[in-house]
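Colleague: Fold the following and give me the result.
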Amino acid sequence: MMEYLFIYLLQLADVVVRCMGFFIVVSGLFASLMFIGGVYWADEGDNKPFKITTLATVVSLLMLLACNLFPTKQTLLLMGGTYLGKKVITVAATDEKIKKVDTIINLQLDKYIKELQGAN
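Modeller: Here you go, the predicted model:
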């Protein structure tokens, strides 16, 4: 079940990053237009366009930061591969048949080593 969720989130990662990038561009353009409009058409004591511009700029910068901190698809693949690799190693190490096979191999190797040492 966890693997299916990981695959879904892996595909979702590209969509999220693209949507965040689109939002950054739109809010940046909005902030620029509000600033230009505020400079030319605002009254002397009217700070409302500059407050909206500041808010849009802060939101753009926060989204840009979040977009840069969000892992890429390649990073998610590496993280998933590492997780599943560790899971396979753990399962393989605890499997009873593998332990028995390992014991047989070790005993046979010890036997062959003793035979070789006795021949010399």
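
Colleague: use CA for all of it now, contacts and neighbours both
Modeller: Noted.

Colleague: who touches residue 67 in this structure?
Modeller: Residue 67 makes contacts with 17, 20, 21, as judged by Cα atoms under 8 Å, 6 or more residues apart in numbering.

Colleague: now residue 53: how far from residue 31?
Modeller: Per Cα to Cα, to the nearest Å, residue 53 is found 5 Å from residue 31.

Colleague: now do residue 84
Modeller: Between residue 84 and residue 31 the computed distance is 44 Å (Cα to Cα).

Colleague: out of those two, which sits in the more crowded spot?
Modeller: residue 31 (23 against 13; other Cα atoms under 10 Å).

Colleague: Quick check: the more buried one touching residue 57?
Modeller: Yes - between residue 31 and residue 57 there is a contact under Cα atoms under 8 Å: 6.0 Å.

Colleague: How far away from the center of its chain is the host helix or strand of residue 81?
Modeller: Using DSSP states H and E, residue 81 maps to helix 73-94. Offset of helix 73-94 from its chain centre (Cα atoms, centre = their mean, to the nearest Å): 14 Å.

Colleague: Now do the buried residues in it.
Modeller: Using 16 or more other Cα atoms under 10 Å as the test for burial, helix 73-94 gives 73, 76, 80.

Colleague: helices and strands around the helix or strand just after it, which ones?
Modeller: Toward the C-terminus, helix 73-94 is succeeded by helix 96-119 as the next helix or strand (DSSP H and E). With contacts defined as 3 or more Cα pairs under 8 Å, 6 or more residues apart in numbering; DSSP states H and E, helix 96-119 has no helix or strand neighbours.

Colleague: pLDDT of helix 96-119, averaged?
Modeller: Helix 96-119 shows a mean pLDDT of 88.

Colleague: cool, stretch 19-35 as well?
Modeller: For stretch 19-35, mean pLDDT rounds to 79.

Colleague: Good, we can wrap up now.
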